[in-house]
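Asks: need a structure here:
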Amino acid sequence: MTSPAPGPEAGAPSSEPGAAVPVLPFDALPSPLDAVPELRAAARWMIGAFGAVGAALIGGGPLVAVGKVDGLGEAAVAGAALLVALAGVSLAVWQVSRVLVPPVTTTATLSDPVVRGLRELVDASPADFFGAVADGVDDLLRHRAVAANVQRALTAETDPGRRELLRRHLGRARANVARTDPYVRWLLAMAHVWQIRAALHTARRWCLLAVLLVAVGAVGFLTVTGK
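Replies: Numbers count the residues shown, from 1 in each chain. Next up, the predicted model:
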C-alpha cells in the first residue's frame, strides 16, 4: 500500500531512539519564525504612528479652530472633514492590527490562496527545499493521508490475517511520516510567516488609502476653519 519514501541526503532519520536527526536544506539559516517579531514590530510602529495622527486630530488644536466656524453649513463641512480624517485613522489601525492576530496554520493552510506564492516557489524547485524526500508539496503531505487511511482500515478490519498485513503497511506509513515530518514542520513555519507577511502587505495598501482620507479630511477641515 505504501513504500518508504527516499531518505534525506544527509543524516539518517529514523523513529528509533538514538537515530540521527535529519539535516534539512536550511538548517544553517535562522528559523522562518524568527521573522514574526520583526513583522509585528513593524505593525505596532504603524499603529502607533496612526494613533498619534488620531490624537492630533481630536486634540486641542481642532477644538480651538472650531470656534472660527461661522454658520451651520460650515460646521457641517468641518465636522464631515474631521470624520473623514478620523475614518482614515481608524481604517489604518483596524487593518494593521490584523497583523498582530496569530493565524492558525495547519497542512490545510497550504491550500489557501494566501500561500499560493509559497507553494509555487516550492513546487517549482522541490529538490532545493526537500532534497530527495519529495517532489512537491502534495507528495510531501501524502504520507500523512496514507497513514491515516491505513489506520482507519486497521480499526475497521476484523480478519486477523488482513489486520496483520495492515499493521505492516501502517508501520511503513509511519516510518514515512517520521522521515518527512521535519520538512512538514519547516513548511508550516514558512506558511505561518507567509500569512503574517501577506497581512502586513495588505495593511500597507490600506494605509495608503487611509493617508489619502486623512489628507482630504485635514485639508477640508483647515480650509473651513482657516478663513
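
Asks: looking at the chain, which helix is longest?
Replies: helix 160-225 (DSSP state H).

Asks: output the below-cut-off pLDDT ranges for the protein.
Replies: The model of the chain has pLDDT under 70 over residues 1-29, 60-69, 226-227.

Asks: ok so, going back, what's the longest helix of the chain packed up against?
Replies: Where contact means 3 or more C-beta pairs under 8 Å, 6 or more residues apart in numbering; DSSP states H and E, helix 160-225 is packed against helix 36-57, helix 60-66, helix 71-97, helix 116-124, helix 126-130, helix 137-156. (C-beta placed from N, C-alpha, C; glycine too.)

Asks: JSON lines for those, including mean neighbour count?
Replies: Below are these laid out as JSON lines (neighbours: other C-beta atoms under 10 Å):
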{"stretch": "helix 36-57", "mean neighbour count": "15"}
{"stretch": "helix 60-66", "mean neighbour count": "13"}
{"stretch": "helix 71-97", "mean neighbour count": "18"}
{"stretch": "helix 116-124", "mean neighbour count": "15"}
{"stretch": "helix 126-130", "mean neighbour count": "17"}
{"stretch": "helix 137-156", "mean neighbour count": "16"}
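
Asks: middle-most residue in this protein, spatially?
Replies: residue 195 (1.6 Å; C-alpha atoms, centre = their mean).

Asks: so what's it up against?
Replies: By C-beta atoms under 8 Å, 6 or more residues apart in numbering, the contact set of residue 195 is 103, 105, 109, 112, 114-115.

Asks: mind putting the helices and strands packed on helix 160-225 into a markdown table with distance to residue 224?
Replies: Shown next, in a markdown table, are these (distance: least, C-beta to C-beta, whole Å):
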| stretch | distance to residue 224 |
| --- | --- |
| helix 36-57 | 14 |
| helix 60-66 | 9 |
| helix 71-97 | 4 |
| helix 116-124 | 46 |
| helix 126-130 | 59 |
| helix 137-156 | 57 |
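
Asks: can you tell me which of the contacts of residue 195 has the most neighbours?
Replies: Neighbour tally across the contacts of residue 195 (other C-beta atoms under 10 Å): the maximum, 24 neighbours, falls on residue 115.

Asks: that one contacts residue 196, doesn't it?
Replies: No: look at residue 115 against residue 196 with C-beta atoms under 8 Å: they stay out of range, at 11.1 Å.

Asks: where does residue 102 land in three-state SS?
Replies: coil (DSSP: H, G, I helix; E, B strand; the rest coil).

Asks: tell me the contacts of it?
Replies: Neighbouring residues of residue 102 by C-beta under 8 Å, 6+ apart: there are none.

Asks: if we can go back for a sec, which one of the contacts of residue 195 is nearest to residue 188?
Replies: Nearest to residue 188 among the contacts of residue 195, counting by C-beta to C-beta, is residue 105 at 5.4 Å.

Asks: just say helix, strand or coil for that closest one.
Replies: coil.

Asks: can you pull the contacts of it?
Replies: With contact set as C-beta under 8 Å, 6+ apart, residue 105 has these partners: 188, 191-192, 195.

Asks: from these, keep the buried residues only.
Replies: 188, 191-192, 195 (16 or more other C-beta atoms under 10 Å).

Asks: may I see those residues organised as JSON lines, with distance to residue 218 added?
Replies: Shown next, in JSON lines, are the buried ones among the contacts of residue 105 (distance: C-beta to C-beta, whole Å):
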{"residue": "188", "distance to residue 218": "44"}
{"residue": "191", "distance to residue 218": "40"}
{"residue": "192", "distance to residue 218": "38"}
{"residue": "195", "distance to residue 218": "34"}
